[in-house]
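A.B. asks: return a 3D structure for these sequence lines:
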Amino acid sequence: MTEKEKAYAGLLYDFAGDPELQEAYSNAKNKCFEFNNIPPYQKEERDAFIKQFLGKTGNVINIISPFHCDYGYNIEVGENFFANMNLVVLDAAKVKIGDNVFIAPNVGIYTAGHPFDIEQRNQGLEYAYPVTIGNNVWIGAQVAILPGVTIGDNTVIGAGSVVTKDIPAGVLAVGNPCKVIRQIAE
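C.D. replies: As a prediction, this is how the structure comes out:
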């Protein structure tokens, strides 16, 4: 099993020991640099570039620079996607984002983590668990979404939240750790 296959399976993997992952990571960093340096007034060029870079996108996508990710090909966003400046996506595993999702500035979506075991961590091992964000979700400023989390449709995540566990559909959730505050009425 390759290190990439281990990552997709949610097993510990060795990024430093896999030239394929290192090359993909390096390519993504170069593409992020290129994207972040396309002037904002060149919207058509920016849109075409990001659609080619990410794994899957809808027709309408708007990401404000700077944007950073680890690979790009593991990110899927739906139709009418908006991300404000400083979105960081550590996409060692799949990140699936639905339609009509709005992300405020300084949000981090993290699929990658490191083991608690000191020896494993010092060996450079890591794990990756997918993140899924449903349709019609609004994520407030400075939110951190941790590995393995699913956020349901029609949900709002309040600014500054640290999302450590799944959040159901149709709720307002805030805090550190992020907790459901109330249902969102129609």
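
A.B. asks: so where does residue 119 fall, helix or strand?
C.D. replies: helix 118-122 (DSSP states H and E).

A.B. asks: can you name the residues in contact with the helix or strand following that helix?
C.D. replies: As assigned by DSSP H and E, the chain's next helix or strand after helix 118-122 is strand 125-128. Residues from elsewhere that reach strand 125-128 (Cβ atoms under 8 Å, 6 or more residues apart in numbering): 7-8, 10-15, 92-93, 111-115, 147. Placement of C-beta: from N, CA and C, glycine included.

A.B. asks: try 10 Å this time
C.D. replies: Contact with strand 125-128 is made by 3-4, 6-17, 70, 74, 90-94, 110-115, 117, 119-120, 147-148, as judged by Cβ atoms under 10 Å, 6 or more residues apart in numbering.

A.B. asks: residue 185 versus residue 37, what's the distance?
C.D. replies: Separation of residue 37 from residue 185 (Cβ to Cβ, to the nearest Å): 44 Å.

A.B. asks: residue 158 now?
C.D. replies: Taking Cβ to Cβ, one finds residue 158 at 17 Å from residue 185.

A.B. asks: swap in residue 17?
C.D. replies: On the measure of Cβ to Cβ, residue 17 and residue 185 end up 51 Å apart.

A.B. asks: so where's this structure uncertain?
C.D. replies: Flagging of the chain using pLDDT under 70 yields the residue ranges 186.

A.B. asks: for it, what's the longest helix?
C.D. replies: Across the chain, the helix with the greatest residue count (assigned by DSSP state H) is helix 19-36.

A.B. asks: now for that helix, which elements pack on it?
C.D. replies: Applying 3 or more Cβ pairs under 10 Å, 6 or more residues apart in numbering; DSSP states H and E, one finds that helix 19-36 makes contact with helix 3-8, helix 43-53, strand 67-69.
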